[in-house]
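**Student:** just need the structure, nothing else, for what follows:
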Amino acid sequence: MAAPDQKSPNVLLQNLCCRILGKSEADAAQQFQYAVRVIGSNFAPTVERDEFLVAEKIKKELVRQRREADVALFSELHRKLHSQGVLKNKWSILYLLLSLSEDPRKQPNKVSSYATLFAQALPRDAHSTPYYYARPQTLPLNYQDRSTQSAQNSGSMGSSGISSISMYALNGPTPTPQSLLPGQSHQAPGVGDCLRQQLGSRLAWTLTANQPSLQTTTSKGIPNAVARNMTRSRREGDTSGTVEITEAALVRDILYVFQGIDGKIIKMSNTENCYKAEGKANLNKSLRDMTIRLAELGWLHNKIRKYIDQRSLDRSFGLVGQSFCVALHQELKEYYRLLSVLHSQLQLEDDQGVNLGLESSLTLRRLLVWTYDPKIRLKTLAALVDHCQGRKGGELASAVHAYTKTGDPYVRSLVQNILSLVSHPVLSFLYRWIYDGELEDTYHEFFVASDPTVKTDRLWHDKYTLRKSMIPSFITMDQSRKVLLIGKSINFLHQLCHDQTPAAKMIAATRSAESPKDAADLFTDLENAFQGKIDAAYFETSKYLLDVLNKNYSLLDHMQAMRRYLLLGQGDFIRHLMDLLKPELVRPATTLYQHNLTGILETAVRATNAQFDSPEILKRLDVRLLEVSPGDTGWDVFSLDYHVDGPIATVFTRECMSHYLRVFNFLWRAKRMEYILTDIRKGHMCNAKLLRNMPEFSGVLHQCHILASEMVHFIHQMQYYITFEVLECSWDELWNKVQQAQDLDHIIAAHEVFLDTIISRCLLDSDSRALLNQLRAVFDQIIELQNAQDAMYRAALEELQRRLQSEEKKKQREIEGQWGVTAAEEEEEKKRIQEFQASIPKMCSQLRILTHFYQGIVQQFLVLLTTSSDESLRFLSFRLDFNEHYKAREPRLRVSLGARGRRSSHMYRIHKK
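**Tutor:** Got it, this is the predicted structure:
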């Protein structure tokens, strides 16, 4: 058998026991076993582990002993010790020195033992169930008389310093067996009074060195230990049935009430929902008040315990709720540790049958002091329980976070500890969402909600939304929006773009808050660390998504194609398409075939600069025929279409495409008016020369020319307004926003603003319905002019053709030697000329009526423009009435234009100042 290591802890401890007791290893075996049990126990001083606080206590003790020079020396030595870093547990060393300096035989102060035990905050390693100290029965108790013991041990104890360690102060009511002290003879356990006398001597030496003998009795000869626990009997002749209760009995009941258990005297009153002493108990006002104040802890404990028991079994309460219950349970464990210490003290007094004296025994007043901090904790927890009723998930975290906004550092520290546990599931949801795009929210606790019924094509718009009620108050709305966008972008890439790039390659940031401690650390720097993580993930994910959309799916190219084709930005293509479509579109709408129009579209593409566009864009361009109404021509139902699918359909949604269709129809109709007026002007130029020989028709030509010129001016101004002030300006704003966009939502929002702007400023919204009706009436008058002019030109050209034929016939006959015209033919020709000349006034009258209607519509249109809230529309009225023709005819225009002019000049003067 190998020899034991002489430097092992067991050998060294055994040698120490033998050296102290002066005995052999065999004789000191029992004391050695006890020492091993003491070293292996979990007893620890219940004081705050603050190195600075212990150092200050040592300095105060030196000052009290009038050793000011030693204070300076100690400060210098402590500074050197703190700077070297050789020792890791400096607090323990200082505490040991402070404990060794105390004299166990001095008179203790009022709160020497239990003040050290209970005055500080409860430690973190508290037990959930009370424990009771049991004295080792294997060790004999052999206590000598106090005076004899002091005489024998004064020298050795003073020199060694071991006896100066206050085991009672460190470990609560755990006695140190005197058999371990030097100079004590090992004797068998005493019996009866001998043991009682020895025990009293031991406790007196440990707790109150200068107190009288614990065997002193009361005035009637009843020992104190017995008198403390006795309930005084009913007095003779007292018929009220009341019983006078001692304070010791109340203390015992209160300790049960602290755990929510009814005592013999203090019980829960269901009617008043509080703990009360029984009516038979005769308590003075002081005891009753202290009892009520102490019983409040039991009521608070029951309230918290009931909440935990109810919610712990509720699965629908979710992970956040369960974390809240765990946090409450941990705080109750701290409370149970206090109760375990109190119970162990009471049990020790009962087992030994001794009164430990007024300086150390449990009293109601001491309990009030020792339970002051625990009561604050329980009140805070009970308030949290009330405030969190009916809440779950992020809403519960917000409720807890609201209690951190207090000026009490003690309460704030308590709530922040609870919040770190409660928020850990929320932060776990958050990091799983922003780094993996996964949403594992079984109980709907996270502030990002998912709708599984939404199809993939609506993923970005409808599948993921914010639950505003579940957004924790420590996360701002901007942060929550970014969190939503990050996870939504990852899912969009995976499901719509079929990009399976791991999120780790998109986002360089690392995860955090893997434990409640990490979450607690994160709360200390919400504005920097947390915000930095969210911003980094947001910028990198959004940038990656936009790069994929632009490079792989040509998002910006499709946006420009919309501008060129659906908003008529490709001028040469649109003009050539109109020329090719004119023979088809003048026909009734019911006679059109889409495949014929598609062929014409392809012809127009090949003949213009549109042929140089990407094939991906050209194959999406198509013809669409709108719903046919009775009397519609091809012009009324024709429309261009642009097919979108895949990821770009997220930007160009069905609603957006319907807006594009409305704008195209409006622009196509306005373009057609310009096309018609161009044909009218061409007709004027050609027919004016042909009809030069018909002077009677010059008046009609003049009126046609004047009316057409008015219409051309109107259409040109409208086209300028629509093309430059609406489309180009709005497109420039859209393009700048798209170039600066940080995420896909910014692009979608900018695109929607662009469409809303052109819808509104092109008079297609509900507020501009009156203006649009007037504008359509103007368009109708232009078509009426075209039809009327065509009819007049046909009649005039037919008459001109007859006259030319008659003249030709006369010349032919004269060459043949005949009369050029007979009387009958002359009479017939004169009659025909008279009929034509008679139709000219009707033509002039028709033109005057057309002019009157047209000017009336334009005048009403100008009035509506001047009262519009859009500044650009009000300026349009200036250009349409550039010569103030309508202003002279309409008083409302004079008032409105004048007032606006004054306002404009006033604003101009203010600007110059």
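
**Student:** can you pull out the strands in the stretch 601-750 of the chain?
**Tutor:** With DSSP state E, counting those that start in this stretch as the criterion, the stretch 601-750 of the chain has strands at 621-625, 638-642.

**Student:** to residue 557, which of those lies closest?
**Tutor:** Closest to residue 557 of those, according to Cβ to Cβ: strand 638-642, at 12.1 Å. All C-beta atoms are positioned from the backbone trio N, CA, C, and that covers glycine.

**Student:** stretch 93-103: which residues count as buried?
**Tutor:** Across stretch 93-103, burial judged by 16 or more other Cβ atoms under 10 Å covers 94, 95, 99.

**Student:** the second one against residue 57, yeah?
**Tutor:** No. Counting by Cβ atoms under 8 Å, residue 95 does not reach residue 57; the two are 9.1 Å apart.

**Student:** any regions of this protein where pLDDT drops low?
**Tutor:** For the chain, the stretches flagged by pLDDT under 70 are 1-6, 40-49, 85, 103-244, 279-280, 349, 351-360, 503-527, 820, 895-913.

**Student:** kindly report the domain assignment for it.
**Tutor:** If you go by the TED database, the domain ranges for the chain are 247-390, 404-553, 653-894.

**Student:** dump these to TSV, plus distance to residue 18.
**Tutor:** As requested, these are exported to TSV (distance: least, Cβ to Cβ, whole Å):
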stretch	distance to residue 18
domain 247-390	30
domain 404-553	46
domain 653-894	78
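
**Student:** how about the strands of the stretch 301-450 of the chain, start to end?
**Tutor:** Along the stretch 301-450 of the chain, counting by DSSP E, counting those that start in this stretch, strands occupy 448-450.

**Student:** please enumerate residues in contact with stretch 474-484?
**Tutor:** Stretch 474-484 is touched from outside by 397-398, 401, 423, 430, 433-434, 447-448, 464-466, 471, 523, 526, 530-531, 534-535, 537-538, with contacts defined as Cβ atoms under 8 Å, 6 or more residues apart in numbering.

**Student:** now the residues you listed: which count as buried?
**Tutor:** By 16+ other Cβ under 10 Å, the contacts of stretch 474-484 give 397-398, 401, 423, 430, 433-434, 447-448, 464, 471, 523, 530-531, 534, 537-538 as buried.

**Student:** ok, residue 646 touching residue 553?
**Tutor:** Yes. The criterion here is Cβ under 8 Å, and residue 646 meets it with residue 553 at 6.6 Å.

**Student:** which one's more surrounded, these two?
**Tutor:** Neighbour comparison, residue 646 and residue 553: the larger count goes to residue 553, with 17 against 13 (by other Cβ atoms under 10 Å).

**Student:** give me the phi and psi for that one.
**Tutor:** Torsion angles at residue 553 (phi, psi; degrees, to the nearest 10) stand at phi -120, psi 10.

**Student:** what is the helix or strand where residue 773 lies packed up against?
**Tutor:** Assessed by DSSP states H and E, residue 773 sits inside helix 769-815. Using 3 or more Cβ pairs under 8 Å, 6 or more residues apart in numbering; DSSP states H and E, the elements in contact with helix 769-815 are helix 654-690, helix 698-720, helix 823-866.

**Student:** gap between it and the chain center?
**Tutor:** 72 Å (Cα atoms, centre = their mean, to the nearest Å).

**Student:** all numbers from here: first residue = 52
**Tutor:** Noted, 52 is the first residue going forward, which turns the last one into helix 820-866.

**Student:** could you give the angle of it to helix 705-741?
**Tutor:** Here helix 820-866 points in a direction 30 degrees away from that of helix 705-741 (axes from the mean of the first three to the mean of the last three Cα atoms, to 10 degrees).

**Student:** quick one, helix 820-866 and helix 874-917 angle?
**Tutor:** Orientation check (the same axes, to 10 degrees): helix 820-866 against helix 874-917 gives 160 degrees.

**Student:** the closest residue to residue 366 other than its chain neighbours: neighbouring residues, count only.
**Tutor:** Of all residues not flanking residue 366 in the chain, residue 494 sits nearest, at 7.6 Å (Cβ to Cβ, 6 or more residues apart in numbering). Around residue 494 sit 17 other residues, with neighbours defined as other Cβ under 10 Å.

**Student:** against residue 542, how distant is residue 494?
**Tutor:** Distance of residue 494 to residue 542, given as Cβ to Cβ, to the nearest Å: 21 Å.

**Student:** hmm, residue 937 and residue 910 touching each other?
**Tutor:** Yes. At 5.0 Å, residue 910 counts as touching residue 937 under the criterion of Cβ under 8 Å.

**Student:** which of the helices and strands packed on helix 820-866 sits closest to residue 547?
**Tutor:** Checking these against residue 547 by Cβ to Cβ gives helix 705-741 as the closest, at 16.1 Å.

**Student:** helices or strands up against that closest one?
**Tutor:** Secondary-structure packing of helix 705-741 (3+ Cβ pairs under 8 Å, 6+ apart): helix 622-636, strand 689-693, helix 749-771, helix 795-812, helix 820-866.

**Student:** what does the second one rub up against?
**Tutor:** This points to strand 689-693. Contact partners of strand 689-693, identified using Cβ under 8 Å, 6+ apart, comprise 612-613, 616-617, 632, 636, 643, 648, 652, 671-677, 703, 708, 711-712, 715-716, 719.

**Student:** now list the buried members of those residues.
**Tutor:** Neighbour-count burial (16+ other Cβ under 10 Å) applied to the contacts of strand 689-693 gives 612-613, 616-617, 632, 636, 643, 648, 652, 671-672, 674, 703, 708, 711-712, 715-716, 719.

**Student:** thinking again about what came up before, redo the strands of the stretch 652-801 of the chain as CSV? Include distance to residue 728.
**Tutor:** Shown next, in CSV, are those (distance: least, Cβ to Cβ, whole Å):
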stretch, distance to residue 728
strand 672-676, 25
strand 689-693, 19
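
**Student:** so which of those comes closest to residue 124?
**Tutor:** strand 689-693 (90.2 Å).

**Student:** in three-state terms, label residue 523 for me.
**Tutor:** Put simply, residue 523 is coil when judged by DSSP: H, G, I helix; E, B strand; the rest coil.

**Student:** show me what contacts it?
**Tutor:** By Cβ under 8 Å, 6+ apart, the contact set of residue 523 is 445, 448, 449, 452, 474, 477, 498.

**Student:** which one of the residues you listed is nearest residue 377?
**Tutor:** For the contacts of residue 523, the nearest to residue 377 is residue 474 (12.8 Å; Cβ to Cβ).

**Student:** go ahead and confirm the closest one touches residue 448.
**Tutor:** Yes. With contact defined as Cβ under 8 Å, residue 474 counts as touching residue 448 (5.1 Å).

**Student:** between these two, what contacts are shared?
**Tutor:** 371, 523, 525.

**Student:** look up phi and psi at residue 328.
**Tutor:** Dihedral angles (degrees, to the nearest 10) for residue 328: phi -80, psi 150.

**Student:** could you give the bridge partners of it?
**Tutor:** Bridge pairing for residue 328 (DSSP bridges) gives the partners residue 317.

**Student:** who's in contact with it?
**Tutor:** Taking Cβ under 8 Å, 6+ apart, we find residue 328 in contact with 296, 316, 317, 334, 339, 342.

**Student:** ok, the third one - contacts?
**Tutor:** Residue 317 sits next to 301, 304, 305, 307, 308, 326, 327, 328, 329, 342, 346 when contact means Cβ under 8 Å, 6+ apart.

**Student:** which of these are buried?
**Tutor:** Buried among these by 16+ other Cβ under 10 Å: 301, 304, 305, 307, 308, 326, 327, 328, 342, 346.

**Student:** between those residues, which is nearest residue 126?
**Tutor:** Closest approach between these and residue 126, by Cβ to Cβ: residue 305, at 44.7 Å.
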